[in-house]
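[1] Whatever this is, show me its structure:
(chains A and B)
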Protein chains: 2
Amino acid sequence: MTTGTRGAHPTRQARRRAATYDEIVRAARTLLAEGQPLTLRGVAAEMGASPAGLYRYVAHLDELRDLVAAAIDQALAADVRNSVADFIDPDAAGRWLTGWTALRRAALARPDEFRMLLARPRSQGAPIRELSDTCLGQLLHAMWQQHDFALPPVPPSVGTELAITADWPEAFDWLHARVCASLHGVIALEVTGYVEPAFVESGVLYRTTMLDWLARLGQVADLDRLLPVLDAELVR
Amino acid sequence: MTTGTRGAHPTRQARRRAATYDEIVRAARTLLAEGQPLTLRGVAAEMGASPAGLYRYVAHLDELRDLVAAAIDQALAADVRNSVADFIDPDAAGRWLTGWTALRRAALARPDEFRMLLARPRSQGAPIRELSDTCLGQLLHAMWQQHDFALPPVPPSVGTELAITADWPEAFDWLHARVCASLHGVIALEVTGYVEPAFVESGVLYRTTMLDWLARLGQVADLDRLLPVLDAELVR
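    Numbering: from 1, shown residues only, chains lettered A, B, ... in the order given. You can find the predicted model right below:
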C-alpha cells in the first residue's frame, strides 16, 4: 500500500479489498472442493497471485481458516433460508424440519466445507456458527410459539452459557442446544463417513432421529402430515 | 529386499517388518499430537528415514491413513476395555456407561486422533471402527441380556446392512447403530470444537444425552445408582 492511495479513494479501495477477499474465499473453496489441503501457498497459486501478495490480506493460516469458515457458514445459512422460503405451508414444524433437512443436503453435497465448519466454529473468538444456528434457532422458536410444546428442564451445570432474552428463555435455548447436538451430530457422522454408506443413502438414521424430535416436540398427532414433507425433502 | 534374505529368516524378517510398521504408526501419531498434517514426508522425517525407504512399507498417503486409523481404533478399544475392567460391579448398565464415558475421555484427550477416526473409518473397504464398535456393542448386548429392555422397531429402509446372528437380532443391531450415532455424534461435536467449551468442560450435553438413553433402555428405576457412576466417570 503506498501513501499516495491511502485515504484518497476509501470507498473504491474498500470495495477492491472486499472483492479480493471474495476471490480468496472462492479460491479456498475450490481447493476444498478438490480435496486439497487449505494452505496460503495453495490459495495464492489458485488465484495466480504470489504468496507475498496474499499475505497483505491474510497474515496466517488461522486467519484464512476463519475467513473461509465464516463464508461457508453464511452460504449454509442461505441454503437453509432458501429452502424454507420455498415451503409455503404456514406450519412452523414443517418449516423447521425443512430447514434442517436442507442443511443436511448441503452438508452432504459439500462434505469438505461442512467438515471445516465442524473443525473451526469460532472466528476470532466469536462462534461463526451464529448464522446457521440463529437461522435454525429462529425456526425452532417459531415452532414453539405456534405449538407451545413443553420445554425440557435445564440441568444446573448448564450455567450462564445460554443466550437468553425475555421471549427466548433459558429452557428454550437449552432445548435448541440439545436439538443441534443431536441433529448436527448425526449429520456430522454422515459427512465424515462414519455412518454406513447405505444409511446415509437412505437417510434412515437422520430420519429416525428427526422423528424422535418431532415426537418430543409435541408433533405426534401431526406425523401423518409431517412425514410426507420430511420424505419429500430427503429425496430432493 | 535382496534375494539372499528372502525366505531365509521369514519369522525374523516378519518381526522386523512389524516393528517398522509400529514405528511408522508411532511417528504418525506424534505428528497428529503436535497438530501437524499427516504426510509420508513428515513421517519419514520424524523417523529419521528417507521417504524412499518409507515407500517400501507404505506406498501412498491413503495407505498411511488406513494404517494409523486402524491403530487409533485399537488403542481406543483398549482404553474402553481397561476402564470397564476397572469397574467391578456386575451391573451391565454401569459397565456400558463406563465404557462410553471412557471413550469420550480418550477422544477429548487425543482430539486429532479421534478426528482422524471420524474421517477414515474404512481400512481397505472394511470399517475400521470394528474394534470400538464391537467392544461397545458387546457392552450394550450384555446390558440387554441382563435387563431385557424393549428393542425399538426397525424402519424398513434399514435393509440388509445390519450384522445379525441368532442372539444378535436385527432390532438389537439397529438399536446399537442409533446409540452410536447419538453418543458418537455428541462426542464428535465436542471434539471438533463445535460444542460450547463450557458445555464440554461440564459434560452437560453428553450427560443429558446419556440420561436419555438410560431412560430409553429401561434404567429409570436405577438412575439413583447409575448417576453417581456416570458423574464419577465424567470427572475422572
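[2] Could you tell me how many residues sit around A:Leu61?
    Close neighbours of A:Leu61, defined as other C-beta atoms under 10 Å in any protein chain shown, add up to 13. Yep, even glycine has a C-beta here, placed from its N, CA and C like the rest.
[3] what's the answer for the one 10 residues further on, then?
    By the measure other C-beta under 10 Å, the count of residues near A:Ala71 is 20.
[4] again, but for the one 10 residues further on
    Using other C-beta under 10 Å, the number of residues around A:Arg81 comes to 17.
[5] So it lies in a strand, does it not?
    No. According to DSSP: H, G, I helix; E, B strand; the rest coil, A:Arg81 belongs to no strand; its state is helix.
[6] That one reaches A:Thr134, doesn't it?
    No. Under the criterion of C-beta atoms under 8 Å, A:Arg81 makes no contact with A:Thr134, lying 10.6 Å away.
[7] quick one: what helix or strand has the closest residue to chain B within chain A in it?
    Closest approach between chain A and chain B, counting by C-beta to the nearest C-beta: A:Gly185, at 2.2 Å. A:Gly185 is part of helix A:170-192, with elements assigned from DSSP states H and E.
[8] Can you give me the distance of A:Gly218 to A:Phe149?
    The spacing between A:Gly218 and A:Phe149, counted by C-beta to C-beta, to the nearest Å, is 4 Å.
[9] that older thread, tell me how many other residues crowd the residue of chain A closest to chain B.
    25.
[10] would you list every one of the strands in chain A?
    Counting by DSSP state E, residue ranges of the strands within chain A are A:122-123, A:126-127.
[11] Which of those strands has the lowest mean pLDDT?
    Mean pLDDT is lowest for strand A:122-123 out of the strands of chain A, coming in at a mean of 67.
[12] My guess is the residue of chain A closest to chain B contacts B:Arg178. True?
    No. Under the criterion of C-beta under 8 Å, A:Gly185 lies out of contact with B:Arg178, with a separation of 11.8 Å.
[13] Would you mind naming what in chain A lies close to chain B?
    Proximity of chain A to chain B, by C-beta under 8 Å from any C-beta of the partner chain, involves residues A:37, A:115, A:118-122, A:127, A:129, A:155, A:157-159, A:161, A:177-178, A:181-182, A:184-186, A:188-189, A:192-196, A:198-199, A:202-205, A:207-209.
[14] which secondary element of chain A has the worst mean pLDDT?
    Taking mean pLDDT, DSSP states H and E as the measure, the helix or strand of chain A with the lowest value is strand A:122-123, at a mean of 67.
[15] I'd like the distance between A:Ala150 and B:Leu175.
    26 Å.
[16] Which one's more surrounded, the two?
    Set side by side, A:Ala150 and B:Leu175 show unequal neighbour counts under other C-beta under 10 Å, the larger going to B:Leu175 at 23 against 11.
[17] List the residues that contact that one.
    Neighbouring residues of B:Leu175 by C-beta atoms under 8 Å, 6 or more residues apart in numbering or on different chains: B:Leu140, B:Trp144, B:Leu151, B:Pro152.
[18] so what's the third one closest to, chain neighbours aside?
    Nearest residue to B:Leu151 in three dimensions, chain neighbours excluded: B:Ala171, at 3.7 Å (C-beta to C-beta, 6 or more residues apart in numbering or on different chains).
[19] now swap in the last one and tell me
    The shortest distance from B:Pro152 to any residue that is not its chain neighbour, by C-beta to C-beta, 6+ apart, is 5.7 Å, and that residue is B:Leu175.
[20] do A:Gly53 as well
    A:Ala44 (7.0 Å).
[21] how many neighbours does that neighbour have?
    That count, for A:Ala44 with other C-beta under 10 Å as the rule, works out to 19.
[22] And the helices in chain A?
    For chain A, the helices identified by DSSP state H occupy A:10-33, A:40-47, A:51-55, A:61-86, A:92-109, A:111-119, A:130-147, A:170-192, A:197-202, A:204-216, A:223-234, in order along the chain.
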